[in-house]
Each structure stands twice: as structure tokens, then as C-alpha cells.
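1. need coordinates for the below:
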Amino acid sequence: MVLRGVEPRNVINIYEIAWTGGASGDWNSTQDGERALFLVRVENGRYHIVRDWWRCIFPVTSGPHSRLPLDDSHPLWERIALMNWWMERSNEATQNPYPHFRNNDPGNVLGLWRTVKIERGLVRHPSRSVRVLACQALVALGGWGQDECWEALSEQDRAYLTDYYHYRDFAKEVAAGRLNLQKLDASWWWPRFTSRDERRLLTTVSNPKRRAELCQMYEREYPGDPDTGCPANRLPPATIVSERGDRPLVGPWPR
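-> The predicted structure is shown next:
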């Protein structure tokens, strides 16, 4: 309603049930100065957070925007998700108290392939912190071979990720994933991933030989589909989000 310009109040009081049960962590917490999306419903003339157990407050980590991407002909959830990936040149991920992009698509509408293309675009963002977070998101997929950005990270960046995510050793995960891609041929990978988005991801794995084989399989199964990583000798596709939505990113981040 605020985005549509029909909410007349400068401050809106929102209530939620105080019961927490065994919940801990940042399920519905906010930080001072944080920009956030609150999902609410109207009850007796008051706004009530829609869920009291799992997260229904989503930090907007892409910086300030005056509008949502796209227009009203597109689903609201798609526009909200794209807003969370709309990182302009001046936006710094250091504004984000959550060092990840885990809650960027609260409606789960973009899909795996579309999200990975956006993350690949952010690997080229001028902000170092954005690039590191984007690479972390790709590497964290684990076993998908979406890890070509790993070499671009400095030792300091890699150490930061390992220190923050102390329960994960990303360097070992990358090495293990690459070994699997080397040992297991395309005929092993192809039948284990059956959705279109998963198979699109297989056309962008970081092993050149396996990628070429998987591209051949994809093109036989889905002839004429241009939205893939094929041919295998080109850079995997990347996109950038603007007020017009997600668009192909060719070359470096635009000035």
C-alpha cells in the first residue's frame, strides 16, 4: 500500500503474538535502520504480522528504491523478489546485517535458474562485498559446479567466508564438487536431475568437458531453447536487475 501511495500514515503500528515457544535467532527480528518488507493482514482495523512463528519480515538488502521493478501487469511477488536483487552501482551490501541473499525471494517465484543468473551478474558488481556474497551464494549450491567465481576471490575473502560460516569449508566443497565432475560422466548426471531448471544448470558446470557433454544432451532433449549455458565455450549467462526487470548482462557491470 505504501508503494501504491494509499497509506496516509507516516508510522504504522504492527502487532504480533508475544509467544515465542522455542524460537531463537532472527526469525522476525529487525535491526536499527534496517529497510524491511513486513507481510501483514488487517484485523479489527489493525495490522497484524501474518505469521508469528516463521519469518514474515524480510530485510530489503538491495538498498533504497522509489519503486518496484516492472509494472502492475506482473505478479507482486515477482516484483518484490526482483527488488531484492536490484543492486545499483552505488548500493553496498555492507548495509545488510545479513551476509547472505537467503531471504531475497520470499515468494519463491524466480526459480533456480533465474536466481543463479542474477547471482552470476552480481559477481561483476563494482562493490567487493556484493561480489563476495554473490560468489558465496553460487558456491554454497554445493555439487552443482557453479563455482567458477571461486578463483576470483582473494585469500582474505575466502577466509572471511570460512570464518563466518564456521560450519562449512567452502574450499573443500569446491574441490570435492570439481572432483565429482571430473570422475562422473554426463550419463551419470543427466538422469539424476530431471527438472528443466536443473538441467539448465548442468549446462553451466565449471568442468569444460562435462559441460560440453551435458550441452549436447540438453540440446537433443530440448532443441531450440536459447535460455541455457550452451554452447559450452561461452561465458555462462548472467543478468542484472533494473526497473525493467532482469536483463542479460553482457560484459562488465554498466557504469
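2. give me the buried positions along stretch 240-247.
-> Buried positions in stretch 240-247, judged by neighbour count with 16 or more other C-beta atoms under 10 Å: Ile240, Val241, Asp246. Backbone N, C-alpha and C define where each C-beta goes, glycine included.
3. which stretches in the stretch 151-255 of the chain count as strands?
-> Taking DSSP state E, counting those that start in this stretch as the criterion, the stretch 151-255 of the chain carries its strands at 239-242, 245-248.
4. swap in the stretch 1-150 of the chain?
-> 14-15, 36-38, 40-43, 46-49, 57-59.
5. quick one: mean pLDDT over the fourth one.
-> It refers to strand 46-49. On average, the pLDDT along strand 46-49 is 82.
6. list of residues touching it?
-> 12-16, 28, 38-42, 56-57 (C-beta atoms under 8 Å, 6 or more residues apart in numbering).
7. returning to that earlier point: make CSV out of the strands of the stretch 151-255 of the chain and add mean pLDDT.
-> Putting the strands of the stretch 151-255 of the chain into CSV (pLDDT from 0 to 100) gives the following:
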stretch, mean pLDDT
strand 239-242, 96
strand 245-248, 96
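8. which one, of the ones you listed, ends up nearest to Leu181?
-> strand 239-242 (24.1 Å; C-beta to C-beta).
9. who does that closest one pair up with?
-> strand 245-248 (antiparallel) (DSSP bridges).
10. now the partner strand, how far from the centre of its chain.
-> With C-alpha atoms, centre = their mean, to the nearest Å as the basis, strand 245-248 stands 14 Å off its chain's centre.
11. what's the answer for stretch 203-221, then?
-> 23 Å.
12. what comes up buried for it?
-> 203-207, 210-215, 217-218.
13. need the residues that contact that stretch.
-> So stretch 203-221 is contacted by 116, 144-148, 178, 181-182, 185-186, 189-190, 199-200, 202, 225, 228-233, 236-237 (C-beta under 8 Å, 6+ apart).
14. could you give me the ChimeraX selection string for whichever of these are buried?
-> Buried subset of those, written as a ChimeraX selection, criterion 16+ other C-beta under 10 Å:
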select :116,144,145,146,147,148,178,181,186,189,190,199,200,202,228,229,230,232,236,237
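15. in the contacts of strand 46-49, find the pair that's most separated.
-> Farthest pair in the contacts of strand 46-49 (C-beta to C-beta) is Asn28 and Val42. Separation: 18.5 Å.
16. can you list the domain ranges for this protein.
-> Per automatic domain parsing, the domain ranges recorded for the chain read 1-59, 64-248.
17. and the end-to-end length of the last one?
-> Read that as domain 64-248. Using C-alpha to C-alpha, to the nearest Å, the span of domain 64-248 from its first residue to its last is 23 Å.
18. average pLDDT for stretch 73-80?
-> 92.
19. who touches that stretch?
-> Applying C-beta under 8 Å, 6+ apart, the contact partners of stretch 73-80 are Leu37, Leu68, Pro69, Leu70, Pro106, Gly107, Val109, Leu110, Gly245.
20. now, of those residues, which are buried?
-> Neighbour-count burial (16+ other C-beta under 10 Å) applied to the contacts of stretch 73-80 gives Leu68, Pro69, Leu70, Pro106, Val109, Leu110.
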